[in-house]
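J.: Model the structure of this input:
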Amino acid sequence: MTDNDPGFMALVSAPAPESSDGTARLEIEVDERHLNPAGAVHGGMLATMVDTTMGAAVRSTVEDEAPATSQLTVTYLRPGKPGRLLVTAKVSKRGDSLTMCEADVEQEGRAIAHALATFALVTS
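T.: Numbers count the residues shown, from 1 in each chain. Have a look, this model is predicted:
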(Lines give C-alpha, C1' and ligand atoms only; values in the text may rest on other atoms or scores of the structure.)
Protein backbone atom coordinates (compact mmCIF):
# COMPACT_ATOMS: atom_id res chain seq x y z
CA MET A 1 0.00 0.00 0.00
CA THR A 2 1.25 3.49 -0.79
CA ASP A 3 0.30 6.90 0.60
CA ASN A 4 -1.92 7.30 -2.48
CA ASP A 5 -3.84 4.05 -1.86
CA PRO A 6 -6.85 4.86 0.35
CA GLY A 7 -7.07 1.32 1.81
CA PHE A 8 -8.51 1.34 5.32
CA MET A 9 -8.81 5.11 5.39
CA ALA A 10 -11.56 4.92 2.76
CA LEU A 11 -13.64 2.87 5.21
CA VAL A 12 -13.61 5.74 7.71
CA SER A 13 -13.98 8.41 5.00
CA ALA A 14 -10.62 10.00 5.76
CA PRO A 15 -8.06 11.40 3.33
CA ALA A 16 -4.41 10.34 3.36
CA PRO A 17 -2.18 12.53 5.53
CA GLU A 18 0.24 15.01 3.94
CA SER A 19 3.81 14.33 5.09
CA SER A 20 7.42 15.45 4.68
CA ASP A 21 10.63 15.65 6.71
CA GLY A 22 9.36 13.73 9.72
CA THR A 23 6.07 15.57 10.07
CA ALA A 24 2.54 14.84 8.89
CA ARG A 25 -0.83 16.54 8.89
CA LEU A 26 -4.35 15.24 8.41
CA GLU A 27 -7.57 17.22 8.26
CA ILE A 28 -10.87 15.39 8.38
CA GLU A 29 -14.48 16.42 8.59
CA VAL A 30 -16.11 14.12 11.14
CA ASP A 31 -19.84 13.52 11.14
CA GLU A 32 -22.43 11.26 12.78
CA ARG A 33 -20.76 8.13 11.32
CA HIS A 34 -17.69 8.82 13.46
CA LEU A 35 -19.49 9.24 16.80
CA ASN A 36 -19.92 6.88 19.73
CA PRO A 37 -23.34 6.35 21.39
CA ALA A 38 -22.67 9.33 23.70
CA GLY A 39 -22.40 11.65 20.67
CA ALA A 40 -18.63 12.25 20.88
CA VAL A 41 -16.03 11.33 18.27
CA HIS A 42 -15.33 7.63 18.83
CA GLY A 43 -12.03 6.94 20.60
CA GLY A 44 -11.20 4.28 18.02
CA MET A 45 -11.62 6.87 15.28
CA LEU A 46 -9.18 9.22 17.03
CA ALA A 47 -6.73 6.34 17.57
CA THR A 48 -6.94 5.48 13.86
CA MET A 49 -6.30 9.09 12.86
CA VAL A 50 -3.24 9.54 15.12
CA ASP A 51 -1.78 6.14 14.21
CA THR A 52 -2.17 6.81 10.49
CA THR A 53 -0.76 10.34 10.70
CA MET A 54 2.21 9.27 12.82
CA GLY A 55 2.90 6.39 10.43
CA ALA A 56 3.00 8.88 7.55
CA ALA A 57 5.44 11.09 9.49
CA VAL A 58 7.75 8.12 10.08
CA ARG A 59 7.45 6.97 6.43
CA SER A 60 8.63 10.40 5.32
CA THR A 61 11.99 9.73 7.02
CA VAL A 62 12.79 6.27 5.59
CA GLU A 63 13.41 4.77 2.17
CA ASP A 64 13.62 0.97 2.31
CA GLU A 65 11.83 0.47 5.59
CA ALA A 66 8.18 0.50 6.59
CA PRO A 67 6.89 1.57 10.01
CA ALA A 68 4.88 -0.96 11.99
CA THR A 69 3.15 0.32 15.12
CA SER A 70 4.49 -1.57 18.13
CA GLN A 71 3.00 0.62 20.87
CA LEU A 72 0.34 3.32 20.82
CA THR A 73 -0.86 5.42 23.76
CA VAL A 74 -3.69 7.89 23.25
CA THR A 75 -4.67 10.34 25.96
CA TYR A 76 -8.19 11.67 25.39
CA LEU A 77 -8.36 15.20 26.79
CA ARG A 78 -11.94 16.21 25.93
CA PRO A 79 -14.71 14.89 23.67
CA GLY A 80 -14.68 15.74 20.00
CA LYS A 81 -17.85 16.60 18.12
CA PRO A 82 -18.92 16.68 14.48
CA GLY A 83 -16.79 19.13 12.50
CA ARG A 84 -13.23 19.54 11.31
CA LEU A 85 -10.40 17.78 13.15
CA LEU A 86 -6.72 18.55 12.64
CA VAL A 87 -4.15 15.87 13.41
CA THR A 88 -0.46 16.81 13.43
CA ALA A 89 2.42 14.41 14.01
CA LYS A 90 6.17 14.68 14.37
CA VAL A 91 8.94 12.11 14.68
CA SER A 92 10.54 12.77 18.07
CA LYS A 93 13.29 10.13 18.40
CA ARG A 94 14.91 7.73 15.94
CA GLY A 95 16.90 4.66 16.84
CA ASP A 96 18.37 1.90 14.65
CA SER A 97 15.18 -0.15 14.54
CA LEU A 98 12.61 1.85 16.51
CA THR A 99 11.20 5.34 16.00
CA MET A 100 9.07 7.38 18.38
CA CYS A 101 6.46 9.82 17.20
CA GLU A 102 3.98 12.18 18.87
CA ALA A 103 0.67 13.50 17.60
CA ASP A 104 -1.96 16.00 18.63
CA VAL A 105 -5.62 16.24 17.64
CA GLU A 106 -7.25 19.65 17.71
CA GLN A 107 -10.76 20.88 17.06
CA GLU A 108 -11.64 24.57 16.96
CA GLY A 109 -8.17 25.39 18.31
CA ARG A 110 -8.54 23.16 21.37
CA ALA A 111 -6.60 19.96 22.05
CA ILE A 112 -8.83 16.89 22.25
CA ALA A 113 -6.19 14.13 22.23
CA HIS A 114 -2.44 13.55 22.47
CA ALA A 115 -0.69 10.38 21.34
CA LEU A 116 2.72 8.78 21.62
CA ALA A 117 3.72 5.78 19.55
CA THR A 118 6.70 3.55 18.96
CA PHE A 119 7.17 2.19 15.46
CA ALA A 120 9.36 -0.75 14.52
CA LEU A 121 11.14 -0.21 11.22
CA VAL A 122 10.86 -3.27 9.02
CA THR A 123 12.50 -3.86 5.66
CA SER A 124 9.91 -3.66 2.92
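J.: Specify the strand with the largest residue count in the chain.
T.: Longest strand in the chain by number of residues, with DSSP state E as the criterion: strand 110-123.
J.: what comes up buried for it?
T.: Buried positions in strand 110-123, judged by neighbour count with 16 or more other C-beta atoms under 10 Å: 112-113, 115-119, 121. Heads up, the C-betas are built off the backbone N, CA and C, glycines and all.
J.: Against which helices or strands is that strand packed?
T.: Counting by 3 or more C-beta pairs under 8 Å, 6 or more residues apart in numbering; DSSP states H and E, the packing neighbours recorded for strand 110-123 are helix 43-59, strand 65-76, strand 98-107.
J.: I'd like the ones you listed as a markdown table, with distance to Met9, mean neighbour count and mean pLDDT appended.
T.: Below are the helices and strands packed on strand 110-123 laid out as a markdown table (distance: least, C-beta to C-beta, whole Å; neighbours: other C-beta atoms under 10 Å; pLDDT from 0 to 100):
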| stretch | distance to Met9 | mean neighbour count | mean pLDDT |
| --- | --- | --- | --- |
| helix 43-59 | 6 | 23 | 96 |
| strand 65-76 | 15 | 15 | 96 |
| strand 98-107 | 15 | 20 | 97 |
